[in-house]
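Engineer: Build me a model from this:
(chains A and B)
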Number of protein chains: 2
Amino acid sequence: MARPLHVHLLPELVDPAKLAGGLVVVIDVLRATTTITCALAAGAARVIPCLEVDEARRVAAGLPPEETILGGERQGLKIEGFHLGNSPREYTPESVGGKTLVFSTTNGTKAMQHCRQAERVLLGSFLNFLAVGREISASRQSVHLLCAGTGGEITREDAALAGSLVYLLHYAAPAELQLNDEAAITLEVGRALMAEALASQNQTLAVNNVRHVLANSQGGRNLAELGLAADIDDASQIDLLDVVPQLELKPWSIHR
Amino acid sequence: MARPLHVHLLPELVDPAKLAGGLVVVIDVLRATTTITCALAAGAARVIPCLEVDEARRVAAGLPPEETILGGERQGLKIEGFHLGNSPREYTPESVGGKTLVFSTTNGTKAMQHCRQAERVLLGSFLNFLAVGREISASRQSVHLLCAGTGGEITREDAALAGSLVYLLHYAAPAELQLNDEAAITLEVGRALMAEALASQNQTLAVNNVRHVLANSQGGRNLAELGLAADIDDASQIDLLDVVPQLELKPWSIHR
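Structural biologist: Got it, this is the predicted structure:
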C-alpha cells in the first residue's frame, strides 16, 4: 500500500482534520522557516512562534529578559522595539545562542497553527532540504508538505521546495508514494530544479537553480525592493544545515 | 511593458475585480470546457451554462422543446431526465446540431460566473489548445488562465492545460510576458508535457503525454471508476478543433 505524499499549496486548501495523525512539513521559504532553522542552528534554545505582534511582546515580557530575543517582521521589515528582523543572517550564536526566540511572522505562524491535529510537525527550508528528506524517509506516517504562501496567495518559492522534496522522495522510491494532484504539479517544478543537479551530484547547479527561482518569485522581488536581496542568497543554500526544527504543541514552541 | 499572463489554480484564489478588463480563459478539462467545445464544434447554436439542476430545467422549459437539449452531470453521471451527460462523444451533429444546449455542471459554471467583470471570456481545453493560444497572441489585454478545479481542490489536468498554454506563449515571446507565481509553477508542468513534442513537432507524443497526465489525475481516476475512461482519451486530443467558445454575459450564453 503506497504511502500518501500530499502537497498543499496553501493552508486554506486542506482541512486541518485531514492532517490528523500525519507528518507535516511546514514550508515558508521566504523567510520564516528558513530563519527559524538558522536560529536553531545558531544555538537558540527554542523558538516561540506568535501570530500577533502584541502577543509576541506579552510572551517575551513573561520571560527573563537576558534569555529572551524578540524577532520577526511586518511587511518584510523589523518590528518596532524588536531585537531582530526576519533575515537569516541576523541569527548568529552571538545574537541568539542559548536564548528563547519569540518570533512573529504572519504566514508561517498561520501555517503552523493549521497543524494542531498532526502527529508530528517539522519545518522545512532549502537549508535543511536533505535532512528533512531523511526524516520523511525514516517515518511511516502520511506526509503533508504544507506551503505557507503569502496572504492567501500561492508562492513559487514554497512550491519549489515542496516540489524538490517530492522529486527527491519520488526519485528514490516512486512506487511507494501516492501523490495528490498538487504533489504531481509541484513534482515538475522540483524536477526542473533538481533533476540535472542530483543526477550529476552538482550542488552548485542546484543552488544556482534555486537562487534563480527565489529571485524571480514575487516574494523575492519584494525582498530585493526592500534592500534585502542578501536574504535570497542565504535562503538558496542547499543542505547547509543538518537541523530539522520540530514544532511542539504543548508548550507551543519549536526545538531542534 | 510586459503583458500580465496570470494563472489562477482555483477561482477562489483570485478576486473577481482583478479580472476586470482582462481576457480570461476558463479551464475545466475534465470535462465541462472540453464537452462544451465539442458541442459547439458539432453545431450547437449556443450553450447556456447553469449552476443548479433546477435552474437548468427552468431555462429549458422556457425554450422550444424541439430546439433544446438538456445536458450535464452530477457526481460524474447524467442527471435524471436530462438528454445527455458530460461525455464529449455524446455531443454530435445528430444530438445537438442547431440546438440550444442547456448545460449544468458545478465547477465549470462557478468558474464562468467568477468572470463577470472580465472584458472577454473564452473556454479552453486540449481540443482547442492552439486555437486558444492564437486568440491570446492576437489580443492585447491582460491574460488570466482560470482553472475550475473540483470542489475547491486544485486539479492536475487544469494545471496541465494552463501550464501548456503558458509554455506555448512563453516559448514564442518570453520577454513580452509577466508571469505571476502560479504561472511560473504551471510553466514547468507545461514544459514537461510539451517541450519535446513542440520542438520535434511530434503531435502523438504530446497527446500521449496529456493522456498520461489526465489518466493519473484524481479526476481521471474517478472517471475510470465510473466506466468513463473513454472521456480521458477524448479530452487528451490536442488541436482536434479550431473552435474557441466565448462566454457572453448578456444574455448569459456561450457561442463559437
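Engineer: can you map out the strands along chain A?
Structural biologist: A:3-8, A:23-27, A:46-50, A:68-74, A:77-78, A:100-104, A:120-124, A:143-147, A:177-179, A:246-248, A:253-255 (DSSP state E).
Engineer: What ranges does the stretch 51-200 of chain A have for its helices?
Structural biologist: A:53-61, A:93-96, A:106-113, A:129-138, A:156-172, A:181-199 (DSSP state H, counting those that start in this stretch).
Engineer: Report the buried residues of the longest one.
Structural biologist: Spelled out, it's helix A:181-199. A:181-194, A:197-198 (16 or more other Cβ atoms under 10 Å in any protein chain shown). (Each C-beta comes from the backbone N, C-alpha and C, glycine too.)
Engineer: any chance of the helices of the stretch 51-200 of chain A in JSON lines, plus mean pLDDT and distance to chain B?
Structural biologist: Listed next are the helices of the stretch 51-200 of chain A as JSON lines, based on pLDDT from 0 to 100; distance: least, Cβ to the nearest Cβ, whole Å:
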{"stretch": "helix A:53-61", "mean pLDDT": "98", "distance to chain B": "26"}
{"stretch": "helix A:93-96", "mean pLDDT": "98", "distance to chain B": "31"}
{"stretch": "helix A:106-113", "mean pLDDT": "96", "distance to chain B": "14"}
{"stretch": "helix A:129-138", "mean pLDDT": "96", "distance to chain B": "18"}
{"stretch": "helix A:156-172", "mean pLDDT": "96", "distance to chain B": "4"}
{"stretch": "helix A:181-199", "mean pLDDT": "96", "distance to chain B": "4"}
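Engineer: Is A:Lys78 in contact with A:Leu84, as I believe?
Structural biologist: Yes. Counting by Cβ atoms under 8 Å, A:Lys78 touches A:Leu84, with 6.8 Å between them.
Engineer: Mind listing the shared neighbours of those two?
Structural biologist: Counting by Cβ atoms under 8 Å, 6 or more residues apart in numbering or on different chains, the residues touching both A:Lys78 and A:Leu84 are A:Gly72.
Engineer: picking up where we left off before, of the helices of the stretch 51-200 of chain A, flag the one that's most buried.
Structural biologist: Counting by mean count of other Cβ atoms under 10 Å in any protein chain shown, helix A:156-172 has the highest mean neighbour count of those, with a mean of 25.
Engineer: Just want the angle from that one to strand A:143-147.
Structural biologist: 160 degrees (axes from the mean of the first three to the mean of the last three Cα atoms, to 10 degrees).
Engineer: Put the alpha carbons of helix A:156-172 into PDB.
Structural biologist: Extracted C-alpha coordinates of helix A:156-172, given in PDB (Å, rounded to 0.1, in the frame of the first residue of the first chain):
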ATOM      1  CA  ARG A 156       6.600  30.000  -6.200                       C
ATOM      2  CA  GLU A 157       9.400  29.500  -3.700                       C
ATOM      3  CA  ASP A 158       7.200  27.300  -1.400                       C
ATOM      4  CA  ALA A 159       6.100  25.300  -4.400                       C
ATOM      5  CA  ALA A 160       9.700  24.900  -5.400                       C
ATOM      6  CA  LEU A 161      10.800  23.400  -2.100                       C
ATOM      7  CA  ALA A 162       7.700  21.200  -1.800                       C
ATOM      8  CA  GLY A 163       8.400  20.000  -5.400                       C
ATOM      9  CA  SER A 164      12.100  19.400  -4.700                       C
ATOM     10  CA  LEU A 165      11.100  17.200  -1.700                       C
ATOM     11  CA  VAL A 166       8.500  15.400  -3.800                       C
ATOM     12  CA  TYR A 167      11.200  14.900  -6.600                       C
ATOM     13  CA  LEU A 168      13.800  13.700  -4.100                       C
ATOM     14  CA  LEU A 169      11.400  11.100  -2.500                       C
ATOM     15  CA  HIS A 170       9.800  10.100  -5.700                       C
ATOM     16  CA  TYR A 171      13.200   9.600  -7.300                       C
ATOM     17  CA  ALA A 172      14.200   7.300  -4.500                       C
END
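Engineer: Can you give the distance from it to the centre of its chain?
Structural biologist: 13 Å (Cα atoms, centre = their mean, to the nearest Å).
Engineer: next one: stretch A:42-54
Structural biologist: The answer for stretch A:42-54 is 14 Å, by Cα atoms, centre = their mean.
Engineer: Give me the buried positions along that stretch.
Structural biologist: For stretch A:42-54, by 16+ other Cβ under 10 Å, it's A:42-51, A:53.
Engineer: Just want the phi and psi numbers for A:Lys250.
Structural biologist: phi -130, psi 110 (degrees, to the nearest 10).
Engineer: Can you give me the separation between it and A:Arg116?
Structural biologist: 10 Å (Cβ to Cβ, to the nearest Å).
Engineer: cool, A:Asp28 as well?
Structural biologist: 17 Å.
Engineer: Looking only at neighbour counts, state which of the two leads.
Structural biologist: Between A:Asp28 and A:Arg116, counted using other Cβ atoms under 10 Å in any protein chain shown, the more crowded position is A:Asp28 (31 against 13).
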